[in-house]
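Trainee: just need the structure, nothing else, for what follows:
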Amino acid sequence: ELGYDSNIIAIEDDTILAEDADRESFYYGAQLSARFLAFQEKEMALILDYRNQLRGYASETGLSFTDNLLSAIWQSKVGKLDWLSYEIRASYGESWLQDEGHFRTLRSLAPALILKPEERWQLRLWGDYTTSDYYEEAPDEQDRDGDMYRVGLDARIDLGDEWKLAPRLTYWSYRAEGDDYDHHAWDFGAAITTPEFAGFQFRLDLGILFSDYDHPHSLTGFTEERS
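Mentor: Sure, this is the predicted structure:
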C-alpha cells in the first residue's frame, strides 16, 4: 500500500501535542494474511487466521508500526438446520511502534449467529468482547487499558446480475482505566460490489460513525466535550 495521511496523530492543529510533530506524511506498507483449515468434518470447521499490517511514515518514522492478529475460528451449523449456523472467534494481537517498542496487547472473544434462509441473502448477528493493555507511560486519566463491548448486524444481499449489497450496523462501548477514553459509538455503513468489467470488480464502501465521549476533558485538556 502507498498513501498520504493528512493527520497522523489525529488531533487538531492548535493543541500542544501537535506543535512539535509533523502531522502530514506519505506512507508505505503492506497487508499480509494467511489462513489454514485445521479441521473440517461435515458441517464443522476450525480455521486459523493470521493478519499483519506493516506501515512506515516518511515524515514521522517513529510512528511506523507493525500490527499482528492471530485468530482461531470455529464454525458449525446449528443441529440439522441448514439455514442457521454459528461462529466463535478467539483472537490475540500484538503491535509495536518503531520508537516506543511494544505498544499494545489485545485479546477478544466474538460469537456470531448466521441466518441464511435462501441463497440470495443472509444476516449475521454478532458480538465481541475485547480487553486491551497499552504499555506507553501516560497520566492516569489517559490510561487506555480497558474493555470494549460491541454488537453488530451485517447483511449480504445478492441483487442479481452479479451486483451485491452489504449493509451493516454496529454499536460499541469502550471503558478504559483513564476517563479520557470512555465513550460509545454507532457505526452505519453499506458496501456495494459490481459485476466484473474487463476482468475487474469494484467495491464502493460508504460509512459514517458517531462517537460520544463521557467526559469533556481529553488528551490535551480541552474543556469542550469531544464528539
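Trainee: quick one: list the elements packing against the helix or strand containing Gly152.
Mentor: Assessed by DSSP states H and E, Gly152 sits inside strand 146-160. The helices and strands touching strand 146-160, judged by 3 or more CB pairs under 8 Å, 6 or more residues apart in numbering; DSSP states H and E, are strand 121-134, strand 163-176. Yep, even glycine has a C-beta here, placed from its N, CA and C like the rest.
Trainee: okay, now the unreliable bits of this protein?
Mentor: In the predicted model, the chain carries pLDDT under 70 at residues 10-22, 216-227.
Trainee: what residue of it is the furthest out?
Mentor: Lys80 (32.8 Å; CA atoms, centre = their mean).
Trainee: now do it against Met44, distance only.
Mentor: Noted for Lys80: a distance of 13 Å to Met44, by CB to CB, to the nearest Å.
Trainee: over to Thr130?
Mentor: Thr130 is 25 Å from Met44, by CB to CB.
Trainee: neighbour-wise, which of those two wins?
Mentor: Applying other CB atoms under 10 Å to Thr130 and Met44 shows that Thr130 carries more neighbours, namely 18 against 12.
Trainee: hang on, that one packs against Arg107?
Mentor: Yes. At 7.1 Å, Thr130 and Arg107 qualify as touching, with contact defined as CB atoms under 8 Å.
Trainee: possible to save the helices and strands packed on strand 146-160 as TSV with distance to Ala90?
Mentor: Below are these laid out as TSV (distance: least, CB to CB, whole Å):
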stretch	distance to Ala90
strand 121-134	10
strand 163-176	19
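Trainee: right, and the ones you listed - which one's nearest Gly152?
Mentor: For the helices and strands packed on strand 146-160, the distance to Gly152 is smallest for strand 163-176, at 3.9 Å, taking CB to CB.
Trainee: can you list contacts of the closest one?
Mentor: For strand 163-176, contacts defined as CB atoms under 8 Å, 6 or more residues apart in numbering pick out 143-159, 181-195, 207.
Trainee: quick one: strands adjacent to that strand?
Mentor: In the sheet, strand 163-176 lines up against strand 146-160 (antiparallel), strand 183-193 (antiparallel) (DSSP bridges).
Trainee: adding distance to Phe36 and mean neighbour count, write those out as CSV.
Mentor: Formatted as CSV, the strands paired with strand 163-176 follow (distance: least, CB to CB, whole Å; neighbours: other CB atoms under 10 Å):
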stretch, distance to Phe36, mean neighbour count
strand 146-160, 24, 15
strand 183-193, 26, 15
